[in-house]
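A.B. asks: Generate coordinates for the sequence data below:
(one chain, ligands or ions: 2)
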Amino acid sequence: MTEKIAVLGAGSWGSMLANILTENGHEVRIWSYNPDQVQELNEQHTNEKYLKGFRFSERLRADTDMKAVVQGADDVLLIVPSQVTRAVATDLNQVLTELNSKPALIHGSKGLEQHTFKRMSEVIEETIASQYRASISVISGPSQAEGVARKDPTLVTVASEDLQAARHFQQLFMNNYFRVYTNHDIIGVELGGALKNIIALAAGTLAGLGYGDNAKAALMTRGLAEISRLAVSYGANPLTFLGLSGVGDVIVTATSQDSRNWRAGYQLGQGKALETVINNMGMVIEGIATSQAAYEMAQLTGVEMPITEAIHAVLNGEETVAVAIQKLMTREGRAEIG
Ligand SMILES: NC(=O)C1=CN([C@@H]2O[C@H](COP(=O)(O)OP(=O)(O)OC[C@H]3O[C@@H](n4cnc5c(N)ncnc54)[C@H](O)[C@@H]3O)[C@@H](O)[C@H]2O)C=CC1
Ligand SMILES: O=C(CO)COP(=O)(O)O
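C.D. replies: Ligands and ions are numbered 1, 2, ... in the order given. Take a look at the predicted model:
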């Protein structure tokens, strides 16, 4: 069945997901606050700053007017950087109030709100009045936008407390290059997607320093151990971390040169200053804010997160990368499991 879908956010992932939904036969409108980007998408069918060289479906229409985009939509996908999700959801709440409409909601952002440590579904739930929303779903998993643009076979998961909602979105997104699973564990899926960005930053840093495959494997394995430990303390199912939004997303972002987090880490490893790295990227590096949130969550809960602490110290200029690695390597010996 053809649905009307509003996508809020036209960065690399928002525009890529909007294109998938359009190719799947849905009527998709995408919102961006940037008029130049809207014009480029509508006239050239490109989004060069965010997805170099990719040509979008001519059926995908963009607009700067959120109300026009959301009007008549059966579904709304929010997909902006995590630290602005609350602001965009606040505008959406206003629009839904004016339209008196209750579309199905899903988001695809991978981060935690700073200071509150809230997951994005919690931020959206808090922001949209209850009469304008039912359950909130999340789409997550190992899915670099650039890989989807090349039609690499890509597998993701949609999580929701409401499995019917998850199945609804599974059907909307599925096609022969984009396969979608469902998962009931929204806490684990959202925390997996957010916290793996810390491991991706660290993996890029090791590569930038010239370290090799042993270091990469060590970091990915022990990184997964600590992010799942924190997530389980917040109610996640540990098995989720063996799945697409756990080990799957750690593999892609900690090894892919398409990953913004990996690329940021790589430049840090090569000795560039954090500010320079952020300015050069021009796209969101979620791991920076999320490592701060995870560091504070670990302090609060007493969960041991040595890699997160190390990344936090490096990003805050408290330690050099070399000192942080030495500290990690010379920690007291301990049992691997338990
Ligand atoms: N790029 C990718 O391959 C993937 C990204 N994600 C996640 O998707 C989320 C969005 O990421 P990207 O699309 O990559 O980001 P991006 O950096 O490519 O684009 C972000 C978009 O948000 C817009 N934006 C920024 N501040 C805004 C504000 N205050 N109000 C409204 N719009 C604003 C920008 O104009 C831009 O269009 C992130 O949480 C990311 O972790 C998830 C999977 C894959
Ligand atoms: O989450 C992603 C792929 O699954 C995208 O990661 P980056 O934001 O590091 O590019």
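
A.B. asks: who touches the helix or strand hosting Gln267?
C.D. replies: In the assignment (DSSP states H and E), Gln267 maps to helix 260-269. Contact with helix 260-269 is made by 197, 200-210, 253-257, 274, 276-278, 280-281, 283-288, 314, 321, as judged by C-beta atoms under 8 Å, 6 or more residues apart in numbering. Heads up, the C-betas are built off the backbone N, CA and C, glycines and all.

A.B. asks: give me that answer again for 6 Å
C.D. replies: With contact meaning C-beta atoms under 6 Å, 6 or more residues apart in numbering, helix 260-269 is reached by 197, 200-201, 203-205, 207-209, 253, 277, 281, 283, 285, 287.

A.B. asks: again, but for stretch 176-188
C.D. replies: Counting by C-beta under 6 Å, 6+ apart, stretch 176-188 makes contact with 20, 121, 151, 153-161, 166-167, 170, 173-174, 189, 231, 235-237, 240, all of which sit outside it.

A.B. asks: Dump the helix holding Gln267 to CSV, keeping only the CA atoms.
C.D. replies: In CSV, the C-alpha atoms belonging to helix 260-269 read as follows (Å, rounded to 0.1, in the frame of the first residue of the first chain):
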residue,chain,number,x,y,z
ARG,A,260,32.1,10.2,10.2
ASN,A,261,33.0,9.0,13.6
TRP,A,262,35.9,6.8,12.3
ARG,A,263,37.1,9.6,10.1
ALA,A,264,37.0,12.1,13.0
GLY,A,265,39.0,9.6,15.2
TYR,A,266,41.5,9.0,12.3
GLN,A,267,42.3,12.8,12.1
LEU,A,268,42.6,13.0,15.9
GLY,A,269,45.0,10.1,15.8
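
A.B. asks: Neighbours of the closest residue to ligand 1 within the chain, how many?
C.D. replies: At 1.8 Å from ligand 1, Gly11 is the closest residue in the chain, using C-beta to the nearest ligand atom. Look at Gly11: counted by other C-beta atoms under 10 Å, it has 19 neighbours.

A.B. asks: How about the residue nearest in space to the middle of the chain: what's its closest non-neighbour residue?
C.D. replies: Centrality entry for the chain: nearest residue to the mean C-alpha point is Lys110, 2.4 Å, by C-alpha atoms, centre = their mean. The spatially closest residue to Lys110, leaving aside those adjacent along the chain, is Gly193, at 3.9 Å (C-beta to C-beta, 6 or more residues apart in numbering).

A.B. asks: and the longest helix anywhere in the chain, does that touch ligand 1?
C.D. replies: Counting by DSSP state H, the longest helix found in the chain is helix 186-209. No. Applying C-beta under 6 Å from any ligand atom, one finds helix 186-209 out of contact with ligand 1, separated by at least 6.8 Å.

A.B. asks: Quick check: mean pLDDT of that helix?
C.D. replies: Helix 186-209 shows a mean pLDDT of 98.
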